[in-house]
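S.K.: turn this into a model:
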Amino acid sequence: MRIVVIGGAGYIGSHVARHLLDSGHEVVVYDNLSHGLHANLFADAQFIHGDIHDPLAIRAALSAPSRADAVVHLAAAKAAGESMVNPQKYSTNNIVGTIAVLNAMADVGVRRIVFSSSAAVYGEPEYLPIDEAHPTNPINYYGFTKLEIERILGWYDRLKGIRFAALRYFNAAGYDAAGRVRGLELDPANLLPIVMEVAIGIRSELRVFGDDYPTPDGTCIRDYIHVSDLATGHLAALDWIDANDRSITVNLGTGVGISVTEMLEAAREITGKPIPARVDERRPGDPAELVASASHANEVLGWTATQSSRESLVRTSWDAYLASRDR
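M.R.: Reported below is the predicted structural model:
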């Protein structure tokens, strides 16, 4: 298949692009490089420098030199906290930008899209692990934009025949084990890359937001999924909608949570660094535990996370940071 990966120079997008290439697909990376990196571009993929707000450029990417078979859409603003103070950015980039992509697909005749959604659509958990039947009630504007896009995708399915896979997941982490993704995340907001920045000397310490939660060690528990597992999940979802000519909304996760303390202890052991940490006050809106059920993905897509152990997450991240330092 000829697949256009929008946001394919970013952290998740580059891993998805690499897996698609490894699987024998023709890949076009479409990215404005506002967050994506030249270092994450591969010689065996075509690169188009373009923005999702440029309809002519999107249509050209989807149609030349031949019509694309599918789109993987990963271009989104993604910081939950920022979304609460700058909803304009998230409305424009996430919602309006996705509509522009869908309109271009409808114009050109591309009928398959895999959308990188988020488990943030669920909001505060009513039960764990969270499955796809869990109520959707986002507690931040970022999660709202993802849920709204899912609803828009449903309408484009009904009205334009565009089949979609909406993939909901929590925390992506880790790096390509073979070291082929060379660019590190810029200004990371998630736990593991911040831990790595402390270990490598970019930051002086880790801030732990609360150690008095009702969890075994008092720190928050989250479902971390290796980015390479996410990449295989994107292709599995694309293959499913292509084979079944139907849309699907599905969680990608491990069903197993890792606490902040557990991740920190693993990082100290694997890196051999002390990684200083300071306990701060809880952050508003941080649930004690968030874990996603992936049983639907297991059953329907035949997909299982195989690289998302705590050791794999930390080891591949540390290898990437060491390689970056040594270049």
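
S.K.: worst-scoring helix or strand of this structure, pLDDT-wise?
M.R.: helix 80-85 (a mean of 90; mean pLDDT, DSSP states H and E).

S.K.: next secondary structure after it?
M.R.: Once the chain leaves helix 80-85, the next helix or strand it forms, by DSSP states H and E, is helix 87-90.

S.K.: tell me the buried residues in the biggest helix by length in the chain?
M.R.: Longest helix in the chain, counting residues (DSSP state H): helix 141-160. By 16 or more other C-beta atoms under 10 Å, the buried positions in helix 141-160 come out as 141-150, 152-153, 156-157. C-beta: built from backbone N, CA, C; applies to glycine.

S.K.: run the chain-centre distance for the least confident helix or strand of the chain.
M.R.: Centre-to-centre, helix 80-85 and its host chain are 17 Å apart (C-alpha atoms, centre = their mean, to the nearest Å).

S.K.: now it - C-alpha only, PDB.
M.R.: Coordinates of each C-alpha in helix 80-85 appear next as PDB, following Å, rounded to 0.1, in the frame of the first residue of the first chain:
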ATOM      1  CA  ALA A  80      -3.200  18.300  28.300                       C
ATOM      2  CA  GLY A  81      -2.200  21.100  30.600                       C
ATOM      3  CA  GLU A  82      -1.500  23.500  27.700                       C
ATOM      4  CA  SER A  83      -4.900  22.600  26.200                       C
ATOM      5  CA  MET A  84      -6.600  24.100  29.200                       C
ATOM      6  CA  VAL A  85      -4.900  27.500  28.800                       C
END
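
S.K.: and that helix, what's buried?
M.R.: Those would be 80, 82-83, for helix 80-85 by 16+ other C-beta under 10 Å.

S.K.: next one: the closest residue to Ala79 other than its chain neighbours from Val5, what distance?
M.R.: In space, and not counting its chain neighbours, Ala79 is closest to Ala189: 5.4 Å by C-beta to C-beta, 6 or more residues apart in numbering. Counting by C-beta to C-beta, to the nearest Å, the gap from Ala189 to Val5 is 23 Å.

S.K.: which element, helix or strand, includes Thr219?
M.R.: Assigned by DSSP H and E, Thr219 belongs to no helix or strand.

S.K.: quick one: residues contacting the residue lying closest to it once chain neighbours are set aside.
M.R.: Spatially, and ignoring its direct neighbours in sequence, Thr219 is nearest to Val260 (3.8 Å; C-beta to C-beta, 6+ apart). By C-beta atoms under 8 Å, 6 or more residues apart in numbering, the residues touching Val260 are 191, 208, 219-220.

S.K.: for the protein, just list every one of the helices.
M.R.: Under DSSP H, the chain gives helices at 11-22, 55-63, 80-85, 87-90, 97-108, 141-160, 191-200, 227-244, 260-271, 295-296, 310-326.

S.K.: out of the ones you listed, which is closest to Asp131?
M.R.: helix 295-296 (6.8 Å; C-beta to C-beta).

S.K.: helices or strands next to the closest one in the packing?
M.R.: Judged by 3 or more C-beta pairs under 8 Å, 6 or more residues apart in numbering; DSSP states H and E, helix 295-296 is in contact with no other helix or strand.

S.K.: got the contact list for that helix?
M.R.: By C-beta under 8 Å, 6+ apart, helix 295-296 touches 131-132, 250-251, 255.

S.K.: give me the contact list for the longest helix of the chain.
M.R.: Taking C-beta under 8 Å, 6+ apart as the rule, helix 141-160 contacts 76-80, 82-84, 87, 90-91, 94-95, 98-99, 102, 105-106, 113, 115, 117-118, 120-123, 136, 138, 162-164, 166, 247, 249.

S.K.: among Ala189 and Val5, which residue is more densely surrounded?
M.R.: Val5 (29 against 12; other C-beta atoms under 10 Å).

S.K.: tell me how far the more buried one lies from Val71.
M.R.: Counting by C-beta to C-beta, the separation of Val5 from Val71 is 8 Å.

S.K.: for Trp303, same thing?
M.R.: Trp303 is 20 Å from Val71, by C-beta to C-beta.

S.K.: the more surrounded of the two?
M.R.: The neighbour count for Trp303 versus Val71, taken as other C-beta under 10 Å, is higher for Val71 (28 against 22).

S.K.: okay, that one: pLDDT?
M.R.: The score at Val71 is 98. That number is its pLDDT.

S.K.: go on, Ser63?
M.R.: At Ser63, pLDDT is 95.

S.K.: surely it is in contact with Val108?
M.R.: Yes - here Ser63 reaches Val108: they are 4.8 Å apart, a contact under C-beta atoms under 8 Å.

S.K.: and the nearest residue to Gln307 once chain neighbours are set aside, how far is that from Gln46?
M.R.: If the residues on either side of it in the chain are set aside, Gln307 comes closest to His226, at 4.1 Å by C-beta to C-beta, 6+ apart. Using C-beta to C-beta, His226 is found at 27 Å from Gln46.
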